[in-house]
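A.B. asks: 3D, please:
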Amino acid sequence: MKKINDEEMTLILDVLGIKTEMGVEQLRAACEAVQLFDTKQQDYGSGNISATKELGIAVRLQDKVSRLLNLLEKRRGRDGHAIAVLTEINHEPMEDTYLDICNYALIGLLLKRGLWE
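C.D. replies: You can find the predicted model right below:
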């Protein structure tokens, strides 16, 4: 993915009026999510979401949250004590799960606003 350089980020921050450090970091993460969404949109299109609408979004979000809970439980261990952090996860890193959750939430918002095509 293309990283937004400091000059571009400053312009976006000024336009949006972002002032806090966490606002800046959230914007960076949001840009990553949008870039990931755009690549998946090019690969898969909109048809699967259009067919199932908000119910499909809810199911996909539930799948992602279940995956996240499973990964967190594995990290914590069965006895509740912390174990070594997972350095490699088969198929999908935890960061990708968070980005997917973000994107499904935004797709749901686009559906709700009647903007999903």
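
A.B. asks: which ones are touching L16?
C.D. replies: L27 (CB atoms under 8 Å, 6 or more residues apart in numbering). Every residue, glycine included, has its C-beta placed from N, CA and C.

A.B. asks: And it, how far from L55?
C.D. replies: Between L16 and L55 the computed distance is 32 Å (CB to CB, to the nearest Å).

A.B. asks: same check, this time on R76
C.D. replies: For R76 relative to L55 (CB to CB), the value is 31 Å.

A.B. asks: which helices and strands does whichever helix in the chain runs longest pack with?
C.D. replies: Criterion DSSP state H: the longest helix present in the chain is helix 47-76. When contacts are defined as 3 or more CB pairs under 8 Å, 6 or more residues apart in numbering; DSSP states H and E, helix 47-76 packs onto helix 94-112.

A.B. asks: what helix or strand does M22 sit in?
C.D. replies: Take DSSP states H and E as the rule and M22 turns out to sit in helix 21-44.

A.B. asks: For that helix, name the packing helices and strands.
C.D. replies: With 3+ CB pairs under 8 Å, 6+ apart as the test, helix 21-44 has helix 6-16, helix 94-112 packed against it.

A.B. asks: Many thanks, I have nothing further to ask.
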